[in-house]
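Student: Quick one, what's the 3D model for this:
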Amino acid sequence: PWAILFALMVIGTAGLAAYKNFMGGTEMDVVSYCDTEPCKNGGTCKELSVLVNGHVGYQCLCSGGWLGDTCEKAPVAACTTCEGFVNGTEVIMDSGSSLQLTDSQLHNFVGMSVSAVAAGTLWGVAFLHIIRAYTKQIIWITMIMMVVAQLGLSAVFFIFGVPQLGVICFLAGLISVLIIVVVRNWIPFATLLIRTACLVVKKNPAVLKIALMAVVTQAIWLVIWVFAATSSIGSSDTTATFVCLVSLFWSVQVIKNVVHVTCAGTVASWYFVTNERRATLAAFRRSITYSFGSICFGSLIVAILKAIRAMIPRRPSATNGGFSQMFLRGMLGCVEKLMEWLNHYAFTQIAIYGYDFRRAAKATWQLLQDVGLMPLMNNTLVQAVCWLGCIIGAAIASLISVMMVKSTDLDGTMPLWVAGSFGAMVGFVMVMPII
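Tutor: Next comes the predicted model:
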């Protein structure tokens, strides 16, 4: 039933996106933000679907020199020589067309994107070989860098007069030192786990193909979801916003967990020497058939927690239950992380033994009672190494993107911080499924 419910959610979201954007649904169903005529002094109201200048859904294009979010500010004094003014009137450009690329610039942008993708992919493959050869050293480097970064941030915050954040970072650094002291005895076992994982990936390269296919699938789904959710996110209808958020988080969790179950099933086939032909393909087939209902059920629990947490304001008012909202966000975040961690091992049980989710959850709880925090410690060490690889891959792709902008006609048109951020995002996304 959970697989059927997930399929209905996917069909409903895709149908809503098609209806709103290709069948006139947006014009029929969505209340126009411009109906209230928010723009003053002859300003023109323009419908939007994103947050601009503090307003959700509209932007005022001012005329006659009037300024402000709703054209409420009077024109400035005449200035015929000032930059940005024509005959004493400030020229207001339409923000929707602030970045116009020529054909040559568009080709260079595509080249920059392809270069970022290639850089992230190549670094991910190279990092697998590096951590296989120098696993223990990389684990120690990762932990030391974590402490240095936190203490360094603490010093920066103290220097720039933000002692509260400085104290928080300093305490985080001390906690990281304590964690290193506690987990140092698990480093040899974590080293063995990482080397074994690299060996399995080398013998089953189809695992990488499944991971990359998941990235492409998720990107396509995000585009569909954006088309379907633009009129609901940020509106006063909290139910519609909550449903849209659950739809997003549920789909992302399902895609991620299908990959996890596929990888765990591949490792299980290798470990138990089943001699199964095309082990990765067989594990993937099981994850989207026999185990798909369990994956959908476990993913839905995390998706609901994420959606609830996302709807709580990040910067609540201190006079309107601000502390209680911050406390609730923190508690939900802890429960969310705990559920993701339990799901990680429950889905591993599903991949190895074919359990349903309830039986896998009971087996995971029994495992924790038997071995204590050892799985958590090993998972922390392994994830820290993976995050290091992703961050380095993002930095490499970001640097390449900036260099390409500086060496082409994109220089002066595309801000370097935009190119760097775009490259970092692409590099991170390409490295993450590989390692």
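
Student: Ramachandran angles for the closest residue to L151 other than its chain neighbours?
Tutor: Excluding its sequence neighbours, the residue lying closest to L151 (C-beta to C-beta, 6 or more residues apart in numbering) is G173, at 4.3 Å. To be clear about C-beta, it is placed using only N, CA and C from the backbone, and glycine gets the same treatment. The phi/psi pair for G173 (degrees, to the nearest 10) reads phi -60, psi -40.

Student: And A74, by the same measure?
Tutor: Residue torsions, per degrees, to the nearest 10, at A74 are phi -70, psi 160.

Student: Do I have it right that it meets G68?
Tutor: No. Counting by C-beta atoms under 8 Å, A74 does not reach G68; the two are 9.2 Å apart.

Student: So between these two, which is more surrounded?
Tutor: For A74 and G68, the more surrounded residue by other C-beta atoms under 10 Å is G68, and the numbers stand at 15 against 12.

Student: roughly how far apart are that one and D35?
Tutor: 20 Å (C-beta to C-beta, to the nearest Å).

Student: hmm, who's touching the helix or strand hosting I224?
Tutor: Applying DSSP states H and E as the criterion places I224 in helix 206-229. Helix 206-229 is contacted by residues 13-14, 16-17, 20-21, 125, 200-201, 244, 247-248, 251-252, 255-256, 258-259, 262-263, 266, 278, 280-281, 284, 429-430, 433-434 when judged by C-beta atoms under 8 Å, 6 or more residues apart in numbering.

Student: Distance from the chain centre to that helix, please.
Tutor: Offset of helix 206-229 from its chain centre (C-alpha atoms, centre = their mean, to the nearest Å): 12 Å.

Student: Tell me the buried residues in it?
Tutor: For helix 206-229, the neighbour count (16 or more other C-beta atoms under 10 Å) marks 206-208, 210-212, 214-215, 218, 221, 224-225, 227-229 as buried.

Student: Count residues in the vicinity of I435, would you?
Tutor: Count around I435 with other C-beta under 10 Å applied: 24.

Student: Pretty sure it sits against V125.
Tutor: No. Using C-beta under 8 Å, I435 is not in contact with V125; the gap is 9.2 Å.

Student: thought S294 was touching A360?
Tutor: Yes. Using C-beta under 8 Å, S294 makes contact with A360 at a distance of 6.9 Å.

Student: Mind listing the shared neighbours of the two?
Tutor: Shared contacts of S294 and A360 (C-beta under 8 Å, 6+ apart): F347, I350.

Student: if I pick G427, what's in contact with it?
Tutor: Applying C-beta under 8 Å, 6+ apart, we find G427 in contact with A116, A119, G120, W123, G393, A394, A395, I396, A397, S398.
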